[in-house]
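[1] Predicted model, plus sequence, below.
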Amino acid sequence: MKSYLTVTEFAKAAGISKQSVYQRLNTSLKKYSRVEQGKKVIDSKALREIYGIGLEQDFQGNSQDFQGENQGLNQMVNVLQEQLKEKDKQIERLQSLLDQQQKLNMIDKQRILALEEKQKQEDPEPVPDPDPEPAPVEKDPQRKGFFARLLRL
């Protein structure tokens with residue numbers, strides 16, 4: 001059994017917060033605490049004498065908690081794996097639908113090209129007439145400026 005515990009380990013074993021442990025270090029836990037390698041540590045006797053808790057009991061309780069958490073996590077993993085399998089099936093279905101749609105698009109394009117080719121063969125384009133003579137542009141015999149038009153001179 002460990003004779004000295006860090007503040008965090010002590011708080012966890014006693015079921016209190018680290019702040020509570022730090023507050024009690026100057027009062028009820030003073031005779032059980034010391035500093036080792038720059039960290040405050042508390043003798044495990046304080047758990048038995050002040051809180052009435054043995055370390056073995058606490059660690060057994062923690063192991064049961066971990067087993068319960070482990071089972072919960074295993075169940076969650078199983079559910080997520082089932083969901084992943086379902087999503088994979090959905091992806092496969094969507095991929096097959098996409099393939100079908102692409103094939104239909106290709107067939108449609110081929111049909112359109114065939115119809116356009118058939119139409120060109122049946123109906124040759126009319127030959128446009130040579131350029132007709134352009135209409136003569138009338139020129140004003142006398143060009144008037146802005147002010148002349150404004151004043152109608």
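    Here it is on my side, so go on. The structure displayed is predicted, hence computed values, not measured ones. Numbers count the residues shown, from 1 in each chain.

[2] Work out the gap between stretch 142-153 and the centre of the chain.
    How far stretch 142-153 lies from its chain's middle: 74 Å, per C-alpha atoms, centre = their mean, to the nearest Å.

[3] correction: stretch 105-122
    45 Å.

[4] ditto for stretch 104-111
    On C-alpha atoms, centre = their mean, the centre of stretch 104-111 falls 37 Å from the chain's centre.

[5] With just CA atoms, put that stretch into CSV.
    C-alpha atoms of stretch 104-111 as CSV (Å, rounded to 0.1, in the frame of the first residue of the first chain):
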residue,chain,number,x,y,z
LEU,A,104,-28.8,6.7,-68.7
ASN,A,105,-27.2,10.1,-69.3
MET,A,106,-24.7,8.5,-71.7
ILE,A,107,-27.5,6.7,-73.6
ASP,A,108,-29.5,10.0,-73.8
LYS,A,109,-26.5,11.8,-75.2
GLN,A,110,-26.0,9.1,-77.8
ARG,A,111,-29.6,9.3,-78.9
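
[6] Now do that stretch, average pLDDT.
    For stretch 104-111, mean pLDDT rounds to 96.

[7] cool, stretch 91-100 as well?
    96.

[8] can you check stretch 38-54 too?
    81.

[9] Buried residues, it. List them.
    Of all the residues in stretch 38-54, those buried under the rule 16 or more other C-beta atoms under 10 Å are K40, V41, I42, D43, S44, A46, L47, I53. Every residue, glycine included, has its C-beta placed from N, CA and C.

[10] and the fifth one, how far is that from V79?
    If you measure S44 against V79 using C-beta to C-beta, to the nearest Å, the figure is 41 Å.

[11] what are the ranges of the strands in the protein?
    4-6, 33-36, 39-43 (DSSP state E).

[12] Looking at the ones you listed, which is nearest to D123?
    Nearest to D123 among the strands of the chain is strand 4-6 (93.8 Å), distances taken as C-beta to C-beta.

[13] And the pLDDT for Q142?
    70.

[14] Please read the previous query as pertaining to N62.
    For N62, the model assigns a pLDDT of 57.
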